[in-house]
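Colleague: Build me a model from this:
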Amino acid sequence: MENRIAVIGAGPGGYVAAIKAAQLGAEVTLIENREVGGTCLNRGCIPTKTYFRNAEIMSTIKRSEEFGISIEGYKLDGKALQERKKNVVSTLVSGIETLISSYKNIEFIPGTATLMDKNTVSVELLAGGNREVVVDNIIIATGSFPQMTETKGVDLDGVITSDDLLDFDHIPETLIVVGGGVIGLEFASIYQELGSHVILLASRVLKDADKEISKRLTPLLKKQGIETYVDIRAKEITKEGDKLKVLAKYKEKDEEIEVVGDYVLIASGRGPLVEGLNLQGVGIEYDRKGIKVNDEFETTVEGIYAIGDVNSKGIQLAHVASAQGEYVVEKIMGHEPDIVLEHFPACTFTMNEVAQVGYTEEQLKEKGIEYKSSKFNFSANGKALSLGETDGIVKVLAGKDDNKILGVHILGPHANDLIHEGALAIANNMDAAFINRTIHAHPTLSEAFNEAVMGLNDAAIHIAPKRKRKK
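Modeller: Numbering: from 1, shown residues only. Down below sits the predicted model:
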């Protein structure tokens, strides 16, 4: 089935959609006014994970004596850190550019797109001039941008976004982080290890996580050395000499605090990037949450779709944007997509990693689904003990009667790699038996997941049996 498709935005949603469409035989026009790879590759996932690796190394060096190693006189070079990040990003960007150019039926246009009607896109070329592209379908994948809060004083020098912080070639002495979501927690955890004194002001800690996990994470942030305040909101930011002072108020009690730092990172979320698209002009409905789409990711104008951060689904994850892109393209090209979009792994790269997939315990209670829960502590796992990373748990939720895996929540070492066995189980409607009949290698962290699953039926080997209550 031949089709002409314009994809606006070459981030993880857009470039994946373009490649998938090309594979299925479409003629594709891919339009991007910045770098390919989008926010994730250039200003998000990859830069932060590059810094995360530096933070891991710094953490290990600080603890080296636990492993019988004495290290003296080490220091962090902020400029070298910045250079390494740029090299990692540029390597991946050039790789994607080469990949896109290898498809003869993808035309890449550097420029800014404006919708003229349901079949026409006007492109203001970065090289100068304009061009019109006529297509059968349009996919909007323009992503998101860092949002500032309405807190008084956010326009002061030194109040920054995550984009700003990633361009620093030095490590702030004191960094105040406003926001307890994924972005705020990752930057807080990373910069604490890189040498900043981090002060975290969080209304909630990972509000979408299983509550038991977020409660367990908070003391671990404090243990890391982060000055952590929870259930609190920043009210005002003011200058105090060459420093910044933040006045914050607790939500549930009549008490205020003041904290002082060199910079204030506003990590209160991201907003949909729709400016200049002319959505209203072509009849596409949207609000501050994003472009309104139906279950097929089609906008209020037939034939125009929106995927990733820019749509109103509210799932701001690169891998979800990619999956939505593939789904939409397959629908456009007359195929029936075979991908589970309802459940997806979500990862937080704090020094004690957090990962989840499926339902939380709170969601199961809200839906009235009967379930059972099992937990296994990393402190009882041989590999975690040898790594010196024993904080955290694997928590598995399953149907009370059918043992179907409903949710997996991991706090601890390499949680973001371990979560995929849980994701595989949930996407394929597996029950506990599928996991337990599979031999898990020893000594590995994966054994903790297997033990947690066995615990659903009181069959875990490395958990002491529950004491029977005396009648």
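
Colleague: Name the single longest strand found in this structure.
Modeller: What stands out as the longest strand in the chain, according to DSSP state E, is strand 106-117.

Colleague: And that strand, what does it pack against?
Modeller: In terms of contacts (3 or more C-beta pairs under 8 Å, 6 or more residues apart in numbering; DSSP states H and E), strand 106-117 is packed against helix 14-23, strand 27-32, helix 78-101, strand 120-125, strand 130-134, helix 279-282. All C-beta spots, glycine's among them, are computed from the backbone N, C-alpha and C.

Colleague: Walk me through which strands the fifth one pairs with, and which way each runs.
Modeller: For strand 130-134, the paired strands and their directions (DSSP bridges) are strand 120-125 (antiparallel).

Colleague: Run through the helices of the stretch 251-400 of the chain in chain order.
Modeller: Using DSSP state H, counting those that start in this stretch, the helices of the stretch 251-400 of the chain run over residues 279-282, 318-332, 361-367, 382-387.

Colleague: got the contact list for the longest one?
Modeller: It refers to helix 318-332. Contacts to helix 318-332, defined as C-beta atoms under 8 Å, 6 or more residues apart in numbering, come from residues 3, 5, 11-14, 16-17, 20-21, 24, 26, 38, 40, 44-45, 137, 139, 141, 143, 296-297, 305, 307-309, 311, 313, 336-337, 339, 341, 344-345.

Colleague: Put the buried members of the residues you listed into a PyMOL selection.
Modeller: Buried subset of those, written as a PyMOL selection, criterion 16 or more other C-beta atoms under 10 Å:
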select buried, resi 3+5+11+12+13+14+16+17+20+21+24+26+38+40+44+45+137+139+141+143+297+305+307+308+309+311+313+341+344+345
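
Colleague: Inside strands: which ones of the contacts of helix 318-332?
Modeller: 5, 137, 139, 305.

Colleague: measure residue 209 to residue 430 for me?
Modeller: 23 Å (C-beta to C-beta, to the nearest Å).

Colleague: Looking at these two, which one has more neighbours?
Modeller: Relative neighbour count places residue 209 above the other of residue 209 and residue 430, with 23 against 18, counting by other C-beta atoms under 10 Å.

Colleague: just to revisit the earlier point, will you turn the helices and strands packed on strand 106-117 into CSV that also has mean pLDDT and distance to residue 325?
Modeller: Formatted as CSV, the entries for the helices and strands packed on strand 106-117 read as follows, by pLDDT from 0 to 100; distance: least, C-beta to C-beta, whole Å:
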stretch, mean pLDDT, distance to residue 325
helix 14-23, 98, 3
strand 27-32, 98, 11
helix 78-101, 96, 14
strand 120-125, 97, 17
strand 130-134, 96, 18
helix 279-282, 96, 19
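
Colleague: so who does the residue nearest the centre of the chain touch?
Modeller: Geometric centre of the chain, nearest residue: residue 317, 4.9 Å, by C-alpha atoms, centre = their mean. The neighbourhood of residue 317, defined by C-beta under 8 Å, 6+ apart, consists of 344, 346.

Colleague: Which pLDDT value goes with it?
Modeller: We note a pLDDT of 95 for residue 317 in this prediction.

Colleague: Where does pLDDT dip in the stretch 101-250 of the chain?
Modeller: Along the stretch 101-250 of the chain, the model assigns pLDDT under 70 to no residue.

Colleague: quick one: the strands in it?
Modeller: Counting by DSSP state E, counting those that start in this stretch, the stretch 101-250 of the chain has these strands, from start to end: 106-117, 120-125, 130-134, 137-140, 144-146, 159-160, 174-178, 197-202, 227-230, 232-240, 243-250.

Colleague: out of those strands, nearest to residue 382?
Modeller: Comparing these against residue 382 with C-beta to C-beta, the closest turns out to be strand 227-230 (30.9 Å).

Colleague: Can you pull the domain assignment for the protein?
Modeller: 4-146+271-332, 159-268, 353-457 (automatic domain parsing).

Colleague: Now render those as CSV, adding distance to residue 465.
Modeller: Converted to CSV, the domains of the chain look like this (distance: least, C-beta to C-beta, whole Å):
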stretch, distance to residue 465
domain 4-146+271-332, 33
domain 159-268, 22
domain 353-457, 11
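
Colleague: out of these, which comes closest to residue 466?
Modeller: Proximity to residue 466 (C-beta to C-beta) singles out domain 353-457 among the domains of the chain, at 9.9 Å.

Colleague: Which positions within stretch 213-231 qualify as buried?
Modeller: Within stretch 213-231, the residues scored as buried using 16+ other C-beta under 10 Å are 213-214, 216-218, 220-221, 224, 226-230.

Colleague: got the contact list for it?
Modeller: Counting by C-beta under 8 Å, 6+ apart, stretch 213-231 makes contact with 180, 185, 188-189, 192-193, 197-207, 209, 248, 250-252, 257, 259, 350-352, 354, 356, 391-393, 395, 409, 411, all of which sit outside it.

Colleague: Same question for stretch 370-390.
Modeller: Outside of stretch 370-390, the residues that reach it under the criterion C-beta under 8 Å, 6+ apart are 63, 66-67, 361, 364, 391-401, 406, 412-413, 442-445, 447-449, 451-456, 460, 462-463.

Colleague: cutoff 6 Å now
Modeller: Contacting residues not belonging to stretch 370-390 are listed as 66, 364, 392-398, 400, 406, 412-413, 443-445, 448, 451-452, 455-456, 462 [C-beta atoms under 6 Å, 6 or more residues apart in numbering].
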